[in-house]
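> Predicted structure and sequence below. I'll ask about it afterward.
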Amino acid sequence: MRFCESCGMPFSQDPENGGTNSDGSKSTDYCSLCYKDGVFLDGCTTAEEMQEFCMKKMREKGTPKGIAWVSTRRIPKYKRWKNT
């Protein structure tokens, strides 16, 4: 199973099955909710911001707080955030 290297969402849950690169090709690293036309859409500049952003979105969709927290703990290890 592949996961977005920005937010951690499983690609199987991505409605577009991946974002797009600047040349229009499918991204194999980032989901369509994070990445379009080679640009990140979320406005986050740190892994911590992304964790907060994802927890907020998950809570809005009814995910219990504890599950949302656990689900975002790996975000700092993803490709996008390794050197930030």
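Sure thing, it's come through.
> Would you state the helices of the chain in chain order?
47-60, 65-71 (DSSP state H).
> Point out the most buried one among these.
Comparing the helices of the chain by mean neighbour count (mean count of other CB atoms under 10 Å), helix 47-60 ranks first with a mean of 17. Heads up, the C-betas are built off the backbone N, CA and C, glycines and all.
> returning to that earlier point: with residue 81 as the reference, name the closest of the helices of the chain.
Closest to residue 81 of the helices of the chain is helix 47-60 (CB to CB; 3.8 Å).
> Show me what that closest one is packed against.
Judged by 3 or more CB pairs under 8 Å, 6 or more residues apart in numbering; DSSP states H and E, helix 47-60 is in contact with helix 65-71.
> I would like the residues contacting the helix it packs on, please.
With contact meaning CB atoms under 8 Å, 6 or more residues apart in numbering, helix 65-71 is reached by 8, 54, 55, 58, 59, 63.
> Check the gap between residue 20 and residue 64 for me.
Going from residue 20 to residue 64 by CB to CB, to the nearest Å gives 32 Å.
> between those two, who's got more neighbours?
residue 20 (17 against 10; other CB atoms under 10 Å).
> Residue 19 contacts residue 27, doesn't it?
Yes. Contact criterion CB atoms under 8 Å: residue 19 and residue 27 qualify, at 4.3 Å.
> The two: which is more packed in?
Shown here are residue 19 and residue 27; by other CB under 10 Å, residue 19 has more neighbours (24 against 21).
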